[in-house]
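Q: turn this into a structure:
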Amino acid sequence: MKPKPPGRLPRQIPFIIANEGCERFSFYGMRNILTTFLASTFFVHLTTEEAQSQAKDIFHVFVAGVYFFPLLGGWLADRFFGKYRTILWVSIVYCLGHLCLALFEHSPPGFYFGLFLIALGSGGIKPLVSTFMGDQFDQSNKHLAKFAFDAFYWIINFGSFFASLFMPKLLQGWGPSAWWGWPAASVAFAIPGVLMLLATVFFWWGRRRYVLIPPAPPDPNSFTAVARTALTARGGLTPGLAIVLAGFVLALASVAAIPLLGWKLVIGLCLAFVLALAGLCTGAWIQLEDARGRHPDAAIDGVRAVLRVLVIFALVTPFWSLFDQKASTWVFQAGAMAKPSWFDPAQMQALNPALVMLIIPFNNLVVFPWLRRRGREPSQLARMAFGITLAGLSWIAVGALQLWIDGGHTVSITWQVLPYVLLTAGEVLVSATGLEFAYSQAPQAMKGAIMSFWSLAVTVGNLWVLIVNAAVKNDVVNGVIADTGLSVIAFQMFFFAAFAFAAAFAFRFAARRYRMSDNYRAA
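A: Numbers count the residues shown, from 1 in each chain. Reported below is the predicted structural model:
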């Protein structure tokens, strides 16, 4: 019998990758100028420090929303409309959000509504595009999925690079604003909208070639059904149910604490959601064996596999706390550094995607083959743990730069290259690897939902940033920081570095006990 020839890369993959490249340009083009725009437009009446603090808070609330709405998109796709239709329809909402930013650049209510629509649109499609691409592979060509996921992540950074390079200059009045007198902010926010419209057209263009997996029908052995049975099977207050109730009590307490602690509404609500979810998952894990006999063993084992994946996701959240601050904390630090007059601090972010486009092929063509030949190629989880560690080292480096600045020294912006290299190397190991890990570990009926939880890790990461930012506004906390001899900014930088190191240690511990699965569909 002749061996089956190896599968080929599906012909529809270029449409998905083109869609992603344009969508990422639109998102990062808007995101990378958001903090500087807010600080210089809506908060111009405040001191520089206060304006930057307010802009930073709004930025991280927006990012938290972007990575929260994947829960909605994943649910709609998995249960009702399928991935293709959900992506297409939600992309239209996304385009409308960009339109609002371009029309209401001097009207906070209209502008914030546009941010809401973009968070809804970007978040709604975020868990679906990568899983939709994974659906195009089967057992015959799954060995090419790593190439596709790396290309997918590469094109994300291709779009991000050009957005980071050009959008800050457009906001300053370069290009159409200078040529024809158009409002600079309108142009800067309209161009990402045009790219998002183009992304939607590319995705629609490949419609006749896609493999379409229909939404899962109502399943009596679904994740939620099994978890509910496990928690209620004994008919009384079990340890697992007690943990669930405790999670809900703590969630209500976090909401009640909003006026007492002076938190922003989004902090209390996000923290409440995280506490309730943690209680539900922990309680279901403890009582899961009580569901045996009422559901098939495969369904129960599938739920346990999902819960194990969520533990890994939870331990990645500190990485996102560090990573997303390159568009806020690091931009404001760049503003205090010596640089050419033509260079905008936000343009420094272009270094991140440029490095990604270099590091991914370097890893795949040089580093990993070299390690493979020596039998030392790291597993997916080992790569992710090392990536979190590198992120912590990047914040040690940026914290050292801040100490230099606080000491009154003139510091060249070129010194920021070092932390960017460390953070980006960590990003490739965590984020690019995590996309493939999340897809491969998700049961077929929960692909969208699992990728939504992967995105939710970013929301939680930004939640930690908001909590720390709120904490340093407290007089008692400021007194403790003052006793260290560090500025508040420098203290936060070293705090986040320590946070990442602790997470990396816990991640390695959990990874040693994790058993990998293979959930690609059959050929």
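Q: tell me the domain ranges of this protein?
A: 13-210+296-511, 222-295 (automatic domain parsing).
Q: most tightly surrounded among those?
A: Sort the domains of the chain by mean neighbour count, taking mean count of other Cβ atoms under 10 Å, and domain 13-210+296-511 sits at the top with a mean of 20. For every residue, glycine as well, the C-beta is placed using N, CA and C.
Q: average pLDDT for it?
A: Mean pLDDT, computed over domain 13-210+296-511, is 87.
Q: can you pull the contacts of Phe132?
A: With contact taken as Cβ atoms under 8 Å, 6 or more residues apart in numbering, Phe132 is in contact with 16, 83-84, 87, 210.
Q: redo those as JSON lines? Include secondary structure and distance to Phe104.
A: Below are the contacts of Phe132 laid out as JSON lines (DSSP: H, G, I helix; E, B strand; the rest coil; distance: Cβ to Cβ, whole Å):
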{"residue": "Ile16", "secondary structure": "helix", "distance to Phe104": "32"}
{"residue": "Lys83", "secondary structure": "helix", "distance to Phe104": "32"}
{"residue": "Tyr84", "secondary structure": "helix", "distance to Phe104": "31"}
{"residue": "Ile87", "secondary structure": "helix", "distance to Phe104": "26"}
{"residue": "Tyr210", "secondary structure": "coil", "distance to Phe104": "36"}
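Q: closest to Gly110 among these?
A: Ile87 (26.1 Å; Cβ to Cβ).
Q: how close does the closest one get to Pro296?
A: 32 Å (Cβ to Cβ, to the nearest Å).
Q: next up, the contacts around the residue nearest in space to the middle of the chain.
A: Residue closest to the mean C-alpha point of the chain, counted by Cα atoms, centre = their mean, is Val458 at 4.0 Å. Val458 makes contact with 63-64, 66-67, 317, 320, 324 under the criterion Cβ under 8 Å, 6+ apart.
Q: just the ones of these in strands?
A: Using DSSP state E, no member of the contacts of Val458 sits in strands.
Q: kindly reformat those residues as TSV and extend each row with distance to Glu23.
A: Conversion of those to TSV gives the following (distance: Cβ to Cβ, whole Å):
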residue	distance to Glu23
Val63	16
Ala64	19
Val66	12
Tyr67	15
Thr317	24
Trp320	20
Asp324	18
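Q: for the stretch 1-150 of the chain, what spans make up the helices?
A: According to DSSP state H, counting those that start in this stretch, the stretch 1-150 of the chain carries its helices in the segments 13-31, 34-41, 48-66, 70-76, 82-103, 108-135, 145-171.
Q: my bad, should have said the stretch 201-350 of the chain
A: Under DSSP H, counting those that start in this stretch, the stretch 201-350 of the chain gives helices at 223-232, 239-261, 265-287, 297-323, 329-335.
Q: output those helices as CSV; include the columns distance to Leu390.
A: Output for the helices of the stretch 201-350 of the chain, formatted as CSV (distance: least, Cβ to Cβ, whole Å):
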stretch, distance to Leu390
helix 223-232, 33
helix 239-261, 32
helix 265-287, 26
helix 297-323, 10
helix 329-335, 15
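Q: distance-wise, check Leu310 relative to Leu46.
A: Counting by Cβ to Cβ, the gap from Leu310 to Leu46 is 40 Å.
Q: then stretch 303-317 to PDB, C-alphas only?
A: Extracted as PDB, the C-alpha positions of stretch 303-317 are listed here (Å, rounded to 0.1, in the frame of the first residue of the first chain):
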ATOM      1  CA  VAL A 303     -14.200  19.200  30.800                       C
ATOM      2  CA  ARG A 304     -11.200  18.400  32.900                       C
ATOM      3  CA  ALA A 305      -8.900  19.000  29.900                       C
ATOM      4  CA  VAL A 306     -10.500  22.500  29.400                       C
ATOM      5  CA  LEU A 307     -10.100  23.400  33.000                       C
ATOM      6  CA  ARG A 308      -6.400  22.400  32.900                       C
ATOM      7  CA  VAL A 309      -6.000  24.700  29.800                       C
ATOM      8  CA  LEU A 310      -7.600  27.600  31.800                       C
ATOM      9  CA  VAL A 311      -5.000  27.200  34.500                       C
ATOM     10  CA  ILE A 312      -2.300  27.700  31.900                       C
ATOM     11  CA  PHE A 313      -4.100  30.700  30.500                       C
ATOM     12  CA  ALA A 314      -4.400  32.200  34.000                       C
ATOM     13  CA  LEU A 315      -0.700  32.000  34.500                       C
ATOM     14  CA  VAL A 316      -0.100  33.900  31.300                       C
ATOM     15  CA  THR A 317      -2.000  37.000  32.400                       C
END
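Q: just how off-centre is it within its chain?
A: Between the centre of stretch 303-317 and the centre of its chain there are 16 Å (Cα atoms, centre = their mean, to the nearest Å).
Q: repeat for stretch 234-246
A: Distance of stretch 234-246 from the chain centroid (Cα atoms, centre = their mean) equals 33 Å.
Q: other residues contacting that stretch?
A: Applying Cβ under 8 Å, 6+ apart, the set of residues contacting stretch 234-246 is 230-232, 279-280, 282-287, 290.
Q: try 7 Å
A: Contacts to stretch 234-246, defined as Cβ atoms under 7 Å, 6 or more residues apart in numbering, come from residues 230-231, 279-280, 282-284, 286-287, 290.
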